[in-house]
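K.L.:
What follows is a predicted protein model with its sequence.
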Amino acid sequence: MDDSLLATPATELGRLIEGRKLSPVELADAALSRISECNGVLAAFVTVTEDEARSGARAAAERAVRRERLGPLDGIPFSLKDLEVTAGIRTTFGSRFTADLVPDADSVVAGRLRRSGGTLLGKTNTPQGGYKDACDNLVAATTVNPWDVTRTPGGSSGGAAAAVASGLGPVAQGSDGAGSIRIPASLCGVVGLKPSFGRVPVAPSTDHWAGRVHNGPMARTVADVAMLLGVMAGADAADPLSIGEPGATWRPGAVDVAGLRVAWSADFGYGAVDPEVGAACAAAAKQLEGLGARVEACDPAWDDPGVFHRTLYSVGLATAFADRARARPDWVEPTLHELIEQGLSYSARQLKEAEMARSAFSDSAREFFRRFDVLVCPTMPFVAWPLTTGDGPFEVAGRSLAPSQRRSFLVYPFNLTGQPALTIPCGLHSSGLPIGVQIVGRWRRDDVVLSVGAALEAVLDLRLPLAPLASGPAREVAP
Amino acid sequence: MRAGDPLRLRSVAELTAAVASRQVSPVEILDDVAERIEAVDGKVHAFVTLDLERARERAAARADELARGAPAGPLEGIPVGIKDLVPTAGLRTTNGSPIFAGHVPDVDGIEVERLRGAGAVIIGKTNTPAWGLKEMCENLVAEATRNPWDLTRTSGGSSGGAGAAVAAGYGPIAHGTDGAGSVRIPAAWCGVYGFKPSLGRVPLWPTPDIWAARIQVGPLSRRVRDAAAMLEVMAGPDPRDPLSIDGASDGFIAACDGDVRGLRLAFSADLGYAPVDAEAADAARAAAVAFEELGAIVEDVGDPGWGDPSGWHTTIFRGGAANRLGPLYDASPGLIDPSVAEVIELGRRITMPEYVAAHAERTQFYQRAHAFMAGFDGLLTPTMPCGAWAYGKKPEPVGGREITSVGGGRWPLVYSFNVTGWPAATVPCGFTSEGLPLGLQIVTAWHEDERCLALSAAYEAARPWIEHVALP
């Protein structure tokens, strides 16, 4: 097995396929053999679609020979998160209630990616309904962090992040309702983009107008994330709030970093972060000065949206799961039960007030961004935590940051505003675990975020290897 | 257009060309409109607040600038009334409520900024029921707006002042907003054109609840191209509205020349659930024939099969109003109209599970409507189930059914397209036996504003209505 092939970015693999120096079949073989080697430990994949991968790769190989590649993903292995419905492929939603569901239609994004010529490796793990920032559930084995298998990869796109970090395909689709792309990307040392709201359609959906869930790309380089965004993005009438022309290409570097106004905030003035994480991210922000940006330390002048966000978040979970939780309480995790109960405790008036507070929050965020092109901050307040910590209280710098939404206080504000937000690795903690830095752009300026990310990636020049995948006990994927 | 017509009845294109070439001054247009308003608005009551003195100053200032060679804007010299739900910097904005009788905002709504920037002359604030919550233009702060076709009837609402202003000849265009039919209802009842664009086409700001995502700003006008010209100025994204979308790639005026031959149009007289008078249904059905003459294929689908949305829509409508207005109601119950108080009281009884279930139903409804529209390029329905009802009274039964309290029951055919966010226009399509205007609603699929305008303009050419001018 060729590790260097698995560590090669998708954009470079595409050039090799284009030049007929690499066969998609060889690439699929390498990825599938890496999966069979690692997935027993990692549990990144809930379902591996080996047959579809092999037949897809053969078709891609034939297209490459005929010089008829369908696009930049043709022949490249990729994965779909198990919250995304896939025709003919089991889709569990990380839930016992849908453990054996085989949908008869693709989601808009699954359809786009499956038609792109890319090699679908399988479905990646997620907590039930994507409800939290870790990756355990009652339907599959627990996904672990490839940098330290005693720790969580984060969530909810934890399987996707673990897969990309350890070379189980160079790119992955993820989704992000309150940080679920950026959290695991940060904890696993990969790149994750939550694009602008609507940039990538979310359909089917149980509530289009809730307006917080974003679909997006994950990869090991910013260029790969931009490439995958191009394949995923563009409006579709099935998602009434989707935006943009399908087929647009996203070129990191399209926007010059020199002259950009950058705000740096370690903790938004109301949170707390591990000092080492803060220092690594501050150093990354400082690097932007060397690229000609004007960096100013400035906490956002918005009020902590935590209270109304928690209302919106828990009501959403209560809506999705309350009936099922009553029918089969044993199929619902204790912390999900708590969130459902909390959601059910609110009145319609409190919910509506939370929705209006969100409008006001968007206004204050926009005011802050009038002065800045981007905000740079840590993605997570600390590195990956032990699996045994679970969803319980968490302390950092002497302050308690429980429950789980509090751990994501740096990421979910941009689900509320719909602004683009990217995380890239910016260093390793003394524990050896990756640290991610978040780059948040103005409304719909995904181009700026990608350009700043690519410039920072180049100057940081981390060259993280594939996650070392320290050995751990081999485990079954199925429960 | 007849050669001897006064300026106030001429089209946007004609007026702006005359202003740009300095054959006509913005002051002359304003004076002609003002003369008409002074003559008849004492009977029609389209305006809550008139600002003619400052309008004349601005028109004169612009005339000077144009004389010195300043470029003319796309709406240069066009007088426009702004609906009194949208803030106008320095000009009283009541929201149709005595609570705001003395409220003078310090900002413009985004579309007001853009209209001013395009050279339009703001002449005042048009009437609306309090917070736009019903289909009649009655409130506790101004005289009720009457229908220029019959002064014993309502103009419709909530953009009733706008509909009446256009019908009464106060210039070619007026500004409206539409959260559940509020552009289309008064346009239909006042016998003018109304266009509700896609959600986000015209940015909505300021608003306390952007994610409710049902309110769309749109023009009312004497002609389709007048509306397109106004839309072209108002449309286009702005970061203040996170859900705003791009404008038309080739412009909305150009879209009016779009070909409608071969388009597949569905016709439904009642969407399968609405009470509709035979007169209104027959007029709409006859109007649909015009599209067959134009080379489109019209299929009477009867019931589109997407179900009656009135239950869950009423929940969302009342819940939103109760929450937004509840604090004002508690503070000053005597200053809240009984119909608004009823909406708030009923809205307060809604439980959280009912509220979230209604939102889930909205998404399911969208998916069914989207599946239906996949087979068609447009949908035609009556706009309202009958002609304008008497102002100040409870509506008579329609199609043998009682008209329910305020909520979707009084405007059953229009609000679905606020829920989906799709473009929807109303064109005049005839009169009741009592001489009251009726409208045909033209709906197109997601983001197909250009097609909706093309269908509207083709119909206008085939069945001209511009000769019908209400002269109260």
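P.N.:
In hand now; what should we look at? Computed from a prediction, not measured in an experiment: that's the story for all the values here.
K.L.:
And chain A, is whichever strand or helix holds residue B:195 touching that?
P.N.:
For residue B:195, the host element (DSSP states H and E) is strand B:193-196. No - Strand B:193-196 is not in contact with chain A by CB under 8 Å from any CB of the partner chain; minimum separation 14.8 Å. Bear in mind the C-beta positions are built from the backbone N, C-alpha and C, glycine included.
K.L.:
Would you give the sheet partners of the next helix-or-strand element following that strand, along with the direction of each?
P.N.:
Once the chain leaves strand B:193-196, the next helix or strand it forms, by DSSP H and E, is strand B:216-221. Strand pairing for strand B:216-221, using DSSP bridges, gives strand B:173-178 (antiparallel), strand B:193-196 (antiparallel).
K.L.:
can you tell me the average pLDDT over the longest one?
P.N.:
What it means is strand B:173-178. Strand B:173-178 comes out with an average pLDDT of 98.
K.L.:
Can you name the residues in contact with it?
P.N.:
Contacts to strand B:173-178, defined as CB atoms under 8 Å, 6 or more residues apart in numbering or on different chains, come from residues B:12, B:78, B:80-83, B:85-86, B:111-112, B:115, B:126, B:132, B:158-159, B:161-163, B:165-166, B:182-184, B:186-187, B:194, B:196, B:215-222, B:226-227, B:229-230, B:418.
K.L.:
Residue B:259: neighbour count?
P.N.:
Per other CB atoms under 10 Å in any protein chain shown, the neighbour tally for residue B:259 reads 12.
K.L.:
Does it fall in a helix, a strand, or a coil region?
P.N.:
Assigned by DSSP: H, G, I helix; E, B strand; the rest coil, the conformation of residue B:259 is coil.
K.L.:
repeat for residue A:28
P.N.:
helix.
K.L.:
got the CA positions of the strand holding residue B:195 in CSV?
P.N.:
Presented in CSV, the C-alpha positions along strand B:193-196 are these (Å, rounded to 0.1, in the frame of the first residue of the first chain):
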residue,chain,number,x,y,z
TYR,B,193,-51.0,45.2,-11.7
GLY,B,194,-49.2,43.8,-8.7
PHE,B,195,-46.0,41.8,-8.6
LYS,B,196,-44.7,39.9,-5.5
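K.L.:
re earlier: please work out which of the strands paired with strand B:216-221 is packed deepest.
P.N.:
Ranked by mean neighbour count under mean count of other CB atoms under 10 Å in any protein chain shown, the strands paired with strand B:216-221 are led by strand B:193-196, which reaches a mean of 34.
K.L.:
isn't residue A:78 right up against residue A:164?
P.N.:
No - applying CB atoms under 8 Å as the test, residue A:78 and residue A:164 come out as separate, 9.6 Å apart.
K.L.:
the more surrounded of the two?
P.N.:
Set residue A:78 next to residue A:164 and count neighbours by other CB under 10 Å: residue A:164 wins out with 35 against 29.
K.L.:
Quick check: residues of the stretch 351-479 of chain A near chain B?
P.N.:
The stretch 351-479 of chain A comes close to chain B at residues A:351-353, A:355-356, A:358-360, A:362-363, A:366, A:417-418, A:442-444, as judged by CB under 8 Å from any CB.
K.L.:
where does the residue of the stretch 201-350 of chain B found nearest chain A sit relative to residue A:348, distance-wise?
P.N.:
Taking CB to the nearest CB as the measure, the point where the stretch 201-350 of chain B comes nearest chain A is residue B:323, at 3.7 Å. Distance from residue B:323 to residue A:348, counting by CB to CB, to the nearest Å: 8 Å.
K.L.:
Can you give me the pLDDT of residue A:465?
P.N.:
For residue A:465, pLDDT reads 88.
K.L.:
and what of residue B:1?
P.N.:
44.
K.L.:
same question, residue A:301
P.N.:
Model confidence at residue A:301 (pLDDT) stands at 88.
K.L.:
What are the boundaries of the helices in the stretch 101-250 of chain A?
P.N.:
For the stretch 101-250 of chain A, the helices defined by DSSP state H, counting those that start in this stretch occupy A:108-114, A:158-165, A:182-188, A:222-232.
K.L.:
again, but for chain B
P.N.:
B:12-20, B:26-44, B:52-67, B:110-117, B:160-167, B:184-190, B:224-234, B:252-255, B:278-293, B:310-331, B:338-348, B:352-373, B:416-419, B:449-462 (DSSP state H).
K.L.:
Adding mean pLDDT as columns, could you present those helices in CSV?
P.N.:
Shown next, in CSV, are those (pLDDT from 0 to 100):
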stretch, mean pLDDT
helix B:12-20, 97
helix B:26-44, 97
helix B:52-67, 97
helix B:110-117, 98
helix B:160-167, 98
helix B:184-190, 98
helix B:224-234, 98
helix B:252-255, 98
helix B:278-293, 97
helix B:310-331, 94
helix B:338-348, 94
helix B:352-373, 96
helix B:416-419, 97
helix B:449-462, 98
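K.L.:
Turn the ones you listed into TSV, including mean neighbour count and distance to residue B:91.
P.N.:
Formatted as TSV, the helices of chain B follow (neighbours: other CB atoms under 10 Å in any protein chain shown; distance: least, CB to CB, whole Å):
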stretch	mean neighbour count	distance to residue B:91
helix B:12-20	20	22
helix B:26-44	20	16
helix B:52-67	17	8
helix B:110-117	21	9
helix B:160-167	36	14
helix B:184-190	36	21
helix B:224-234	27	18
helix B:252-255	22	27
helix B:278-293	18	37
helix B:310-331	20	21
helix B:338-348	18	24
helix B:352-373	19	35
helix B:416-419	25	27
helix B:449-462	23	29
